[in-house]
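1. Can you look at this prediction? I've put the sequence above it.
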2 protein chains.
Amino acid sequence: MIRHSHNISEEHSKLESYLQSNGLKLSFGRELVFQAAIGSHGHFTAEELVKLLKKQPQRVSRATVYRSLKELLEAGVIRETAFGDKHHHFEHVYDEDPHHHAQCIRCHSFIEFPDLKEDTVYRPILEKEGFKILGHEMHFYGICRKCRDRNS
Amino acid sequence: MIRHSHNISEEHSKLESYLQSNGLKLSFGRELVFQAAIGSHGHFTAEELVKLLKKQPQRVSRATVYRSLKELLEAGVIRETAFGDKHHHFEHVYDEDPHHHAQCIRCHSFIEFPDLKEDTVYRPILEKEGFKILGHEMHFYGICRKCRDRNS
DNA sequence: TTATAGATGATACACTGTCTCATTATGATC
DNA sequence: GATCATAATGAGACAGTGTATCATCTATAA
């Protein structure tokens, strides 16, 4: 069961209103980065988009990809998922069920599980600090079933 | 209220048994990295330890620091905390109150807030998957007060 | 003593993300 | 359409992080 709480044009509107309220324009480069991000499945990294957008007829530079990703992030179109490695990981919000990740510290595989709104406990605390929450992620770490079996 | 669920020699034993079961020796370099990691407060990055250990009379190289940190990680003496930037962050397990982080996507500063056991909702789900939970972290991202004020 | 295996440091390296700057595009106003 | 101000872009330089290599050193066992 996939919840279509968002649709693409809704996401696009988010971007547009973010751009407008910051005096920015919906340029061709931004549009392409938006399309690439929305068109992705699962996670992607900035560098993956860079490579992807270098292949296209209408090429987009690294600088633009990084800049646009930051905007998409602030606009709430994508969110950052924090894994323990050196890349920034993103995933888009559209058509995704909110979910979290549990990662195995041995094989680095991860499993996803649905969001159950556990974050509500913390929201008042952060808001009191003046922190504007754009999103959150639960990150469990441990040993996955395969690695446990392998050991015993 | 600080929970002393661990003590230093216990952590040291963890390291020793890890080394032994992997045919490694408790060398002077490893011992120094261990001391530095355990002696730290809050988070630290690999590079911070590198700088710290370069100042000491008994100098330790970058390569050794990175190697040893990986071992401490697998031994369970330190854990990785996932921020969205390009550094690996660590913190040691000994003598720490469980807490979480909210990070600003503009200035990368973060605030900490105490753990409120929100994870209990998810534990049954993960256990059913055969995942052995070693720990978890909540990671909020957004805009901090300073950066919000700066904009308006 | 010798042999073996691990430990180390120096260094080269690849990669990620940031920054600058000169150039180009955009769009509003006249 | 011409002009002007402002934003957008790409190229490339750059700094920082983490990895890999390799020759040398150390420790331990035989």
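-> Arrived safely.
2. alpha carbons only for contacts and neighbour counts from here, please
-> Noted.
3. B:Y122 versus A:E112, what's the distance?
-> 11 Å (CA to CA, to the nearest Å).
4. can you list the residues of chain A near chain B?
-> A:74, A:80-89, A:105, A:113, A:116, A:118-119, A:121, A:125-126, A:129-145 (CA under 8 Å from any CA of the partner chain).
5. Low-confidence regions, chain A specifically.
-> Filtered on pLDDT under 70, chain A yields the residue ranges A:1-6, A:82-87, A:95-96, A:105-108, A:150-152.
6. Break it down into its structural domains.
-> Listed domain ranges for chain A are A:1-96, A:98-152 (source: automatic domain parsing).
7. Now mean neighbour count and distance to DNA strand C too, for the ones you listed, in TSV please.
-> Listed next are these as TSV, based on neighbours: other CA atoms under 10 Å in any protein chain shown; distance: least, CA to the nearest atom of the strand, whole Å:
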stretch	mean neighbour count	distance to DNA strand C
domain A:1-96	16	4
domain A:98-152	16	17
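8. got these as CSV, with distance to DNA strand D columns?
-> Shown next, in CSV, are those (distance: least, CA to the nearest atom of the strand, whole Å):
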stretch, distance to DNA strand D
domain A:1-96, 3
domain A:98-152, 12
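9. In a markdown table: the ones you listed, plus distance to B:Q56.
-> Converted to a markdown table, the domains of chain A look like this (distance: least, CA to CA, whole Å):
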| stretch | distance to B:Q56 |
| --- | --- |
| domain A:1-96 | 28 |
| domain A:98-152 | 32 |
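10. Which of these sits closest to B:S61?
-> B:S61 lies closest, by CA to CA, to one member of the domains of chain A: domain A:1-96, at 20.9 Å.
11. Who does the lengthiest strand in chain A pair with, and is each partner parallel or antiparallel?
-> Determined from DSSP state E, the single longest strand within chain A is strand A:132-143. Using DSSP bridges, the strands paired with strand A:132-143 in its sheet are strand A:99-104 (parallel), strand B:132-143 (antiparallel).
12. A:A37: what's it in contact with?
-> Residues near A:A37 by CA atoms under 8 Å, 6 or more residues apart in numbering or on different chains: A:49, A:78, A:91-92.
13. Sitting in strands, which of those do you find?
-> Those of these lying in strands (DSSP E): A:78, A:91-92.
14. A:I111 belongs to a strand, doesn't it?
-> Yes. A:I111: assigned to a strand according to DSSP: H, G, I helix; E, B strand; the rest coil.
15. Test my guess that it contacts A:H101.
-> Yes. Between A:I111 and A:H101 a contact is recorded at 5.7 Å, counting by CA atoms under 8 Å.
16. looking at the domains of chain A, which is closest to B:L15?
-> Per CA to CA, nearest to B:L15 of these: domain A:98-152, 16.5 Å.
17. closest to B:R67 out of the strands paired with strand A:132-143?
-> Closest among those, using CA to CA: strand A:99-104, at 19.8 Å.
18. Tell me which residues are up against the closest one.
-> A:109-115, A:137-144.
19. again, but for stretch A:53-69
-> A:29-30, A:32-34, A:36, A:46, A:49-50.
20. Would you mind measuring the gap between the ends of that stretch?
-> End to end - CA to CA - stretch A:53-69 spans 13 Å.
21. Just give me how far it sits from the chain centre.
-> Distance of stretch A:53-69 from its chain centroid, counting by CA atoms, centre = their mean, to the nearest Å, is 17 Å.
22. same check, this time on stretch A:63-73
-> That offset, for stretch A:63-73, works out to 12 Å (CA atoms, centre = their mean).
23. One more: stretch A:112-130?
-> With CA atoms, centre = their mean, you get 17 Å for stretch A:112-130.
24. now stretch A:29-36
-> 15 Å.
25. What lies in contact with that stretch?
-> A:49, A:53, A:60, A:64-65, A:68-69, A:72.
26. try it again with 7 Å
-> Defining contact as CA atoms under 7 Å, 6 or more residues apart in numbering or on different chains, one finds that stretch A:29-36 is touched by A:60, A:64-65, A:68.
27. And the strands in chain A?
-> A:44-45, A:78-81, A:89-92, A:99-104, A:110-114, A:132-143.
28. if we look at the shortest one, which residues are touching it?
-> Meaning strand A:44-45. Strand A:44-45 has contacts (CA under 7 Å, 6+ apart) with A:87-91.
29. Same check on the second one?
-> The set of residues external to strand A:78-81 that reach it, using CA under 7 Å, 6+ apart, is A:72-73, A:89-93, A:135, A:137.
30. Now it - C-alpha only, CSV.
-> Extracted in CSV, the C-alpha atoms of strand A:78-81 (Å, rounded to 0.1, in the frame of the first residue of the first chain):
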residue,chain,number,x,y,z
ILE,A,78,14.1,16.0,-1.0
ARG,A,79,15.5,15.1,2.3
GLU,A,80,18.8,14.0,3.5
THR,A,81,19.3,10.6,4.9
